[in-house]
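A.B. asks: What follows is a protein structure lacking sequence information:
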C-alpha cells in the first residue's frame, strides 16, 4: 500500500498538463500545483496568491456557508491571505485498510540559479505530523490545522494529527533560463540523511566548540555541555520566542538550512537533465509500486537511478518537455 498516492497522481497530472501545453515549467510553482491537484488539497497556504491565479479554494464551501461564517469559524479576518506558514500545500488524507495514508506535505523552493533556495521555515525531513507542524508555526499553527480540518473528511479520526505524513519539496532551479530550467518533486529523505534530532544537537555542539577555541572554558564544563546538547533536539521548541525576566525584548532562534551540493538533486553530478519535470524518491519497496503505477500510464517518462552521496540510491522519473 503506497503511503503517498496523491504525490504520484499529482506528478502524473503535471506531465499530462505539460504534454498538452496547459502549463509550462516557467509558470508560477503555485499554479503548477493548483492546476494539477486543487481538488485533492486539504491546505493551501497562499490563498491570496491562489485567487490571483484564478483558483478560489473556498468556492465550493461558499455555496453552503457565508464568507462571514467561515471567517468566524476559523477565527480569521480574511479568507484570502498568504499565511507565510509551513507548509505551502497539504494533501487530503485517505482512509484505507483501517489506517490513514496520504496527507502529504509539499513545500515550494524556487531559485534563479543552480542552488536550492534556503529552507527558512523548517528543517527538511522525510516525515512530519500535524502535531509537529502546529508547534512549528507558533500562533499560525492552529489556523493551518483548522483549515485542513474543513477540507479533509478524515480529520475526525483520532490519529489524523499524529500519523506520519511524507514530506516532499517542489524544487525549481534556473527558473528564468529556458535551456537550464529543472523542476523536481523531491522526497524529504533526500535532505534528511541524518535524523533531525542528531543534526540539531550536533549544531549546538559545533557552536560550543567554536566558543571553546576563542574563550577559556574549563574541561568539566565542556564535558557537561556535551551531555546537555544531546537533549536539545526539538526544532519546534527551539524556534519559540523566549520570554526572559527583565529583558525588554524576546529573543528567538531561527534555524535555517541550506542544501550542500550532495543535498541538491539538481547538482551536476546527479545528471538530472535540463527542461525536465522529475519525481525523485528513495529506491525502496514503495518505489517499486510507484514504478508500476507510472509505467502503466505509458507516458514519455524516462526512469533511472542516481546515487546520493550520503544516502544510497534514489529513483528518478523524468519527463522532458517537448
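C.D. replies: Now that the structure is in, tell me what you want to look at. Keep in mind the model is a prediction, meaning the values are calculated, not measured. Residues are numbered from 1 along each chain as shown.
A.B. asks: Give me the buried positions along stretch 69-76.
C.D. replies: By neighbour count, and taking 16 or more other C-beta atoms under 10 Å as the criterion, the buried residues in stretch 69-76 are residue 70. Any C-beta I mention is one placed from the backbone N, CA and C, and that applies to glycine too.
A.B. asks: ok now that stretch, how far from the chain's centre?
C.D. replies: In terms of C-alpha atoms, centre = their mean, to the nearest Å, the centre of stretch 69-76 is found 26 Å from the chain centre.
A.B. asks: Number of residues surrounding residue 17?
C.D. replies: When neighbours are counted by other C-beta atoms under 10 Å, residue 17 registers 17.
A.B. asks: now it: how far from residue 36?
C.D. replies: Relative to residue 36, residue 17 is positioned 6 Å away (criterion: C-beta to C-beta, to the nearest Å).
A.B. asks: Residues in contact with both of those two, list them for me.
C.D. replies: Counting by C-beta atoms under 8 Å, 6 or more residues apart in numbering, the common neighbours of residue 17 and residue 36 are residue 23.
A.B. asks: Across the sheet, point out what pairs with the closest residue to residue 94 other than its chain neighbours.
C.D. replies: Nearest in space to residue 94, with sequence neighbours left out and distances taken as C-beta to C-beta, 6 or more residues apart in numbering, is residue 102 at 4.1 Å. In this structure, residue 102 bridges to residue 93 when assessed by DSSP bridges.
A.B. asks: Quick check: the gap between residue 102 and residue 88.
C.D. replies: 17 Å.
A.B. asks: can you give me the strands in the chain?
C.D. replies: Secondary structure of the chain, counting by DSSP state E: strands at 41-44, 89-91, 93-96, 99-102, 105-110, 127-128, 165-173, 182-187, 276-282, 301-308, 312-320.
A.B. asks: What lies in contact with the third one?
C.D. replies: Same thing as strand 93-96. Counting by C-beta under 8 Å, 6+ apart, strand 93-96 makes contact with 1, 5-6, 42, 100-103, 152, 154-155, 157, 160, 163, all of which sit outside it.
A.B. asks: biggest separation within these, which pair?
C.D. replies: The span of the contacts of strand 93-96, defined through C-beta to C-beta, is set by 1 and 155 at 20.7 Å.
A.B. asks: more neighbours, those two?
C.D. replies: Neighbours were tallied for residue 1 and for residue 155 using other C-beta under 10 Å; the higher tally belongs to residue 155 (18 against 10).
A.B. asks: pretty sure that one is in contact with residue 147, am I right?
C.D. replies: No. Taking C-beta atoms under 8 Å as the contact criterion, residue 155 and residue 147 are not neighbours in contact, 10.4 Å apart.
A.B. asks: Spatially nearest residue to residue 242, not counting backbone neighbours?
C.D. replies: The spatial neighbour of residue 242 that comes closest, neighbours along the chain excluded (C-beta to C-beta, 6+ apart), is residue 251 at 5.4 Å.
A.B. asks: My guess is the one you found contacts residue 240. True?
C.D. replies: No. Contact status for residue 251 versus residue 240: not in contact, 10.4 Å apart, counting by C-beta under 8 Å.
A.B. asks: Could you check which of these two has the larger neighbour count?
C.D. replies: It is residue 240, of residue 251 and residue 240, that has more neighbours when counted by other C-beta under 10 Å, with 14 against 9.
A.B. asks: mind listing the helices in the stretch 1-150 of the chain by residue range?
C.D. replies: 5-19, 29-37, 47-52, 67-74, 130-136, 141-151 (DSSP state H, counting those that start in this stretch).
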